[in-house]
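A.B. asks: next comes the sequence, and after it the predicted model I'd like to discuss.
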Amino acid sequence: MSAKQESRAVYLERFEADRAAWTEALPEWLMEKKRAAAEVFAGAGFPDPRHEEWKYTNVRPIARKVFQPAGEAGTRVAPPDLLEWSLGELDLIDLVFVNGRFAPELSSVGDLPGDVQVRELGEALREMPERLENRLGEIATFEHSSFAAFNTAFVEQGAFIDVPAETKVDKPVRLLFVSTAEPEPVVCHPRVFVSAGMGAMVEVIEQYVGQPEAANFTNAVTEIDVADNARVEHYRIQRESHRGYHVAGVHVNQGRGSQFASHNINLGGRLARADINTRLGAEDAHAFLNGLFMPTGRQHMDTHTRIHHAAPHTTSEEVYRGVLSGHGRGVFKGRVLVAQDAQKIEAHQSNDNLLLSRDAEVDTKPELEIYADDVVCSHGATVGQLDEDALYYLQTRAINPELAQDLLTFAFADEVVARIPLKPVREQLEQGIVGRLPDNEKLKEFV
Amino acid sequence: MATNQEEMEQLVEREYKHGFVTDIEEDTLPPGLNEDIVREISRRKEEPEFMLEWRLQAFRQWQEMTEPTWAHVSHPPIDFQSISYYSAPKSPEQLKEEAPESLDEVDPKLLETYERLGIPLHEQEKLAGVAVDAVFDSVSVATTYKDRLAEQGIIFCSFSEAVHDHPELVKRYLGTVVPPADNFFAALNSAVFSDGSFVYIPKGVKCPMELSTYFRINAANTGQFERTLIVAEEGASVSYLEGCTAPMRKENQLHAAVVELVALDDAEIKYSTVQNWYPGNDIGEGGVYNFVTKRGECRGDRSKITWTQVETGSAITWKYPSCVLRGNDSRGEFYSVAVGNNYQQIDSGTKMIHLGKNTHSTIISKGISAGHAENAYRGLVRVEKGAEGARNFTQCDSLLMGDQCGAHTFPYMEVKNPTAKVEHEATTSKVGEDQIFYCQQRGISEEDAVNMIVNGFCKEVFGELPMEFAVEAQALLEISLEGSVG
C-alpha cells in the first residue's frame, strides 16, 4: 500500500472508531452527511496532480503523512500569547480555537444584539440542531472535493454565526485558529457556518496562525449564506507557520441584491491551498474578491476562485496579486462562469504577479466560461518585474536600490491590502508585509 | 464593406458551397486498423524499410494510449475500427502507381472538383503565381511550379515523393518536432498517414512565391491523415498556405493531421490556414472531427514562426498550433479567428514554450460563437528557467451572437524565470447594440452592420493573412455567420 493510501486508511479507521461517540452527540441528519462524506473520501482519496484542479499543487506532503487527532485545547496557548495575533485596537467578538478545538477561556463573545448567534459549532449542534438542519453542508458540497469530504466526515467543532434579518452586527467576529507545535503533528477540520438573513450585515475574520515550529494540517471549510440584500465582509488571513499545511474551502451562496466581499491574504504555510467559490444566485448580487499571496523560502501557495453568475444582472470584480521570492511558488486559478440565460452580466478579473527571484515560479490561469451572450467580461493576467524606470527614479532620489525594490514591492502588494475596509486589519497586514521584505527596518520609515 | 449587395446575396444563397461528392472510382482499403493495415499502407506507397518501422512503432505506441477527454467538447465515442485508413483515386495513371507529370494527365473529374472549389489549377499556374500541391483524399495528384522552385533548390512535393526522393531529409526531420507518441491522434497519424506535403528551403533562399496545398476529403468513411513537414534552413524563408474543404455527408469524418515546422538560424516560416471543413448541418448532424497537431520549432537563433488561421469549418475542432522557441532571440506568433455556428464545437488555441534567451511570442485570438456553438480558447505560455528576457503578449477576445452559444477562455501561464514579462488579456462581449444602432442611423442594414463589426473585430488577424486568403476568409466568415444575426 502506498503511503497515500495508508494515511487514508488510517483516517477511515479513525472515522469508524469515533462514530459511536458522534452518534450519541450529533443529530441523525448530520451523521448521514458524515457517512456519505467518508464514503466520498474513501473513494477519491487525496487528489492527484493529474486532476486538473490540482495540476500545479501536489498534496503528497500532506497525503503521505498520518496526522494525529488533535487533543483538547488545554493550556497550550495562554491569554498573553494572543497579543501576538491581536488585530490592534479592534473591538471583536472573539472565538479562539487551538488546533481546531474551541478554547472558551481565550474567547470573548460579549453581548450580542437580538437573536444573533455567535458560538462554537459543536455546542450549537447539541443545543439548537434545528437551526443548522438543512443548512449545514448545503452550500459546501463535498461530492467533487476530497478535502471538503474529509472535513465533513470529521466535523465536530467550528463556528456558528447566525444573523437574523435586518440585523447589523456592529463588531467584527474574529475566529482565531492557532496551530501549536506538537511532538506529533495533528490534523484539524474547522468548520465555519455563517448565515446573514435578509438585509443583515456581518464582518467575519478568519485568522489562521501557527507557532513557529507547528507542522500541523488544517483542513478548513467555511459556508456562507448571504440572503437577499444582506452583506458579508469575509476575511481570511492565513499566517500559518512555514512548516504548516493548510487547505481551505470557502463556499458562498448569494441572494438577490446581496453583497459579498472576500479578502484573502496568504502569507504563511509550507503548502497552502484556498478555494473560494461564490454563486450569485439571484439578480443584482455583487461579489468582490480581493487577494494576495506572497510565497517565499520554500512556500507553495495556491488559490482557486470560482465566481458563478447563475442569475442575470449580477456583477463581480476580482483582484489578485502575487509576490514571489526565494524558492516560492504561487498558483492562481480564477474561474468566472456565466450560466445560460444569465444576461446583463459584468465580470472583471485581474491577476498580477511579481517575480523577484530566480527560483520562484508562478502559474496562473484565469478562465472565462460563458454561456450567455449579453455580457461584458474581461480578465487580465501579468507576470513581470518591478518597473526599471520607477527603480531608477527612486535611486536618483538617493534611495538605495534594495530599499527602492522593497518600496515598490510593498506598493505592489498594498494595492490589495489598501482595499481592506477595516483599518486595524489593514495596518496589521501592512506591517506584516513590511516585515517580510529584506530591508524592512528602513522601509518602516516610509510606510 | 468588402462585398457589395449582389455578392452578399450570392453568398447567402449558397449553403455549403463545397458540399458535393466527386464520383470516381476509389482504391480504398477495408475499414479497420491493425498492423497488417499499417504494413499494407506502407507497401502500397512502396516505402523504404525505415518508414515502415517508424509507422509500426507509432502504431504500437498508439495502442497503449487512450483518447484524451480534457477538451471542452463532447461527441460520441469514435470507433477507430470502422474507418478506412487509405483511399486513393484510381485512374489509369495511378494504376501504374505513378503520379501524373503534368495537368493533362490528371483525371478531368478531379480538375473539375478543384475548379468548383475555386482553385482552377490552369489559371493559378498562369495568373496567381501560387504553386499548388493538391491533395485529393490521400494521394497527391498534381504539383505545379515544381520545376521553377527546383531551380533554387527548393523542394516542394508530396510526402510520398519526399520519402522516395529525399529519404535522408525525411529521416533527419520527421517526428523531431511532433514525436510519434506525442499524443493519441499524433500517434494514430504517425501510424497511418497517407500523404501530405514536404517543403525544404535550402540555406539562404527566400521562397519566391507562396506555397499552397488544398486538402479535400472526398471518399465516405475515410479518415484523412496527412502529414506536413516544412524545413527552413539557415536564413531561408517561406510562406505556406493551407486550405481545407470537405463534402457534405451525414456521418462524421475524422481528420487527424500532423504539421511539423523546423526553422533554423535566421529562418522564417509563415503558415496560414483557412479551414473550411464541413461543419455539419444546422441540427448538428455530420461534419468533420478535426483533431490536429501542429507544432513549429524555432530551432535556430533569430528564427521566426508565424501561425495564422481562420477556422470556420468542422463539427469539432481540437488543435493548438504551437511554437517551441528554442533558439535565442527567436519569435513565435499566433493569429487566429475561430468561428462557430450551429452546433460546432471548437477547443483551440496555442502553446508558446520559451526555452531560449530573449524569445518573444505574440498571441492574438478572436473567437466568435453563434447558434448553439461552443468556442473555447485554450492556450499555454510557458517560460522555462533559462529563458532570460522572455516576453509574451496574449490577447483573446470573444464575441457572442445568440443566447444559446458559449465562449470560454482557458489560458495557462507558467513562469519560472524572473526576467520574463507575460501579459494576458481577454474580453467577452456581444456586438454592441449602440454600434448597430449607429450604423443603422447611417442607412446601413442591420445585417451589414453586424458583418462590418465582425470584420472589424477580426481585422488584426486578417491583416496577417496573404492577400488572396484574406479575401476568402472574409467571405467565409460571412457565410459561416449567416442566419445568426438579429
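C.D. replies: Thanks, I have the structure now.
A.B. asks: kindly report the residues of the stretch 1-150 of chain A close to chain B.
C.D. replies: Within the stretch 1-150 of chain A, the residues that sit near chain B (CB under 8 Å from any CB of the partner chain) are A:52, A:56. Every residue, glycine included, has its C-beta placed from N, CA and C.
A.B. asks: tally of neighbours for the residue in the stretch 1-150 of chain A positioned nearest to chain B?
C.D. replies: Across the stretch 1-150 of chain A, the shortest distance to chain B (CB to the nearest CB) belongs to residue A:52, at 6.9 Å. By the measure other CB atoms under 10 Å in any protein chain shown, the count of residues near residue A:52 is 11.
A.B. asks: over to the spatially closest residue to it that is not a sequence neighbour: give its phi and psi.
C.D. replies: Ranked by CB to CB, 6 or more residues apart in numbering or on different chains and with sequence neighbours excluded, the top spatial neighbour of residue A:52 is residue B:70, at 6.9 Å. Taking degrees, to the nearest 10, you get phi -80, psi -20 for the backbone angles of residue B:70.
A.B. asks: which pLDDT does the model give the residue of chain A most remote from its centre?
C.D. replies: Most distant residue from the mean C-alpha position of chain A: residue A:396, 41.2 Å away (CA atoms, centre = their mean). Residue A:396 carries a pLDDT value of 95.
A.B. asks: surely residue B:72 and residue B:373 touch.
C.D. replies: No. In this structure, residue B:72 is not within contact of residue B:373 by CB atoms under 8 Å, at 11.7 Å.
A.B. asks: overlap in contacts, the two.
C.D. replies: Contact criterion CB atoms under 8 Å, 6 or more residues apart in numbering or on different chains; residues shared by residue B:72 and residue B:373: residue B:345.
A.B. asks: okay, the two: which has more neighbours?
C.D. replies: In terms of neighbours (other CB under 10 Å), residue B:373 is the more surrounded of residue B:72 and residue B:373; the figures are 28 against 17.
A.B. asks: hmm, residue B:401 and that one touching each other?
C.D. replies: No. With contact defined as CB under 8 Å, residue B:373 does not reach residue B:401; the gap is 9.3 Å.
A.B. asks: below-threshold pLDDT in the stretch 101-250 of chain B: ranges please.
C.D. replies: Where the stretch 101-250 of chain B drops to pLDDT under 70, the residues are B:101-146, B:214-223, B:244-250.
A.B. asks: do that again at 50, thanks
C.D. replies: B:101, B:120, B:122-130, B:138, B:140-142, B:216-221 (pLDDT under 50).
A.B. asks: can you give me the helices for it?
C.D. replies: B:108-116, B:121-123, B:146-151, B:159-165, B:167-173, B:184-192 (DSSP state H, counting those that start in this stretch).
A.B. asks: what about the residue of the stretch 1-150 of chain B found nearest chain A, neighbour count?
C.D. replies: Closest residue of the stretch 1-150 of chain B to chain A, CB to the nearest CB: residue B:70 (6.9 Å). Residue B:70 has 9 neighbours, counted by other CB under 10 Å.
A.B. asks: ok, it to residue A:47 distance?
C.D. replies: Residue B:70 is 16 Å from residue A:47, where distance means CB to CB, to the nearest Å.
A.B. asks: with adjacent residues omitted, what lies nearest to residue B:391?
C.D. replies: Leaving aside its sequence neighbours, residue B:391 sits nearest to residue B:360 (CB to CB, 6+ apart; 4.6 Å).
A.B. asks: what about that neighbour, how many neighbours?
C.D. replies: There are 19 residues near residue B:360, going by other CB under 10 Å.
A.B. asks: what does the one 4 residues further on give?
C.D. replies: Applying other CB under 10 Å, we find 21 other residues in the vicinity of residue B:364.
A.B. asks: mind listing what it touches?
C.D. replies: Listed by CB under 8 Å, 6+ apart, the contact set of residue B:364 reads B:334-336, B:395-396, B:460-461.
A.B. asks: is it possible to export these to TSV including pLDDT?
C.D. replies: Converted to TSV, the contacts of residue B:364 look like this (pLDDT from 0 to 100):
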residue	pLDDT
B:334	96
B:335	95
B:336	94
B:395	94
B:396	92
B:460	87
B:461	89
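A.B. asks: now neighbour count, secondary structure and distance to chain A too, for those, in a markdown table please.
C.D. replies: A markdown table is the format used below for the contacts of residue B:364 (neighbours: other CB atoms under 10 Å in any protein chain shown; DSSP: H, G, I helix; E, B strand; the rest coil; distance: CB to the nearest CB, whole Å):
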| residue | neighbour count | secondary structure | distance to chain A |
| --- | --- | --- | --- |
| B:334 | 27 | strand | 17 |
| B:335 | 23 | strand | 20 |
| B:336 | 26 | strand | 17 |
| B:395 | 16 | strand | 10 |
| B:396 | 27 | strand | 9 |
| B:460 | 15 | helix | 17 |
| B:461 | 21 | helix | 19 |
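A.B. asks: near chain A, which residues of chain B?
C.D. replies: B:70, B:383, B:385, B:398, B:400-430.
A.B. asks: thought residue A:49 was touching residue A:302?
C.D. replies: No. Assessed by CB under 8 Å, residue A:49 is found out of contact with residue A:302, at 11.5 Å.
A.B. asks: could you say which helix or strand holds the residue lying closest to residue A:88 once chain neighbours are set aside?
C.D. replies: Take residue A:88 and drop its neighbours on the chain: the residue closest to it by CB to CB, 6+ apart is residue A:424, 3.4 Å away. According to DSSP states H and E, residue A:424 maps onto helix A:423-436.
A.B. asks: cool, residue A:148 as well?
C.D. replies: Going by DSSP H and E, residue A:148 is in helix A:146-153.
A.B. asks: just residue B:381 next, same as before
C.D. replies: Judged by DSSP H and E, residue B:381 forms part of strand B:374-383.
A.B. asks: just checking, the residue nearest to residue A:88 touches residue A:90?
C.D. replies: Yes. With contacts counted by CB under 8 Å, residue A:424 reaches residue A:90, the gap being 4.1 Å.
A.B. asks: residues in contact with residue A:151?
C.D. replies: A:37, A:142, A:189, A:191, A:219-221, A:249.
A.B. asks: just put these in CSV and tack on secondary structure.
C.D. replies: Formatted as CSV, the entries for these read as follows, by DSSP: H, G, I helix; E, B strand; the rest coil:
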residue, secondary structure
A:37, helix
A:142, coil
A:189, coil
A:191, strand
A:219, strand
A:220, strand
A:221, strand
A:249, strand
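A.B. asks: quick check: the farthest pair among those?
C.D. replies: The distance between the two most remote of those (CB to CB) is 14.9 Å, for A:37 and A:220.
A.B. asks: mind listing what's buried along stretch B:64-82?
C.D. replies: Residues B:71-73, B:80 are the ones in stretch B:64-82 that count as buried (16 or more other CB atoms under 10 Å in any protein chain shown).
A.B. asks: closest one to residue A:444 out of those, please.
C.D. replies: Nearest member of the buried residues of stretch B:64-82 to residue A:444, counting by CB to CB, is residue B:72, at 49.4 Å.
A.B. asks: how about that closest one, phi and psi?
C.D. replies: Dihedral angles for residue B:72 - degrees, to the nearest 10 - are phi -80, psi 60.
A.B. asks: quick check: chain neighbours aside, which residue is closest to it?
C.D. replies: Nearest non-adjacent residue to residue B:72 (CB to CB, 6+ apart): residue B:376, at 4.3 Å.
A.B. asks: flag every buried residue along stretch A:430-447.
C.D. replies: In stretch A:430-447, counting by 16+ other CB under 10 Å, buried: A:430, A:432-434, A:436-437, A:439-440, A:443.
A.B. asks: which ones are touching residue B:400?
C.D. replies: Taking CB under 8 Å, 6+ apart, one finds A:370, A:372-375, B:369, B:407, B:428-430 in contact with residue B:400.
A.B. asks: can we see that at 7 Å?
C.D. replies: A:370, A:373, B:369, B:407, B:428, B:430 (CB atoms under 7 Å, 6 or more residues apart in numbering or on different chains).
A.B. asks: three-state assignment of it?
C.D. replies: Per three-state DSSP, residue B:400 ends up strand.
A.B. asks: relative to chain A, how far out is residue B:240?
C.D. replies: 32 Å (CB to the nearest CB, to the nearest Å).
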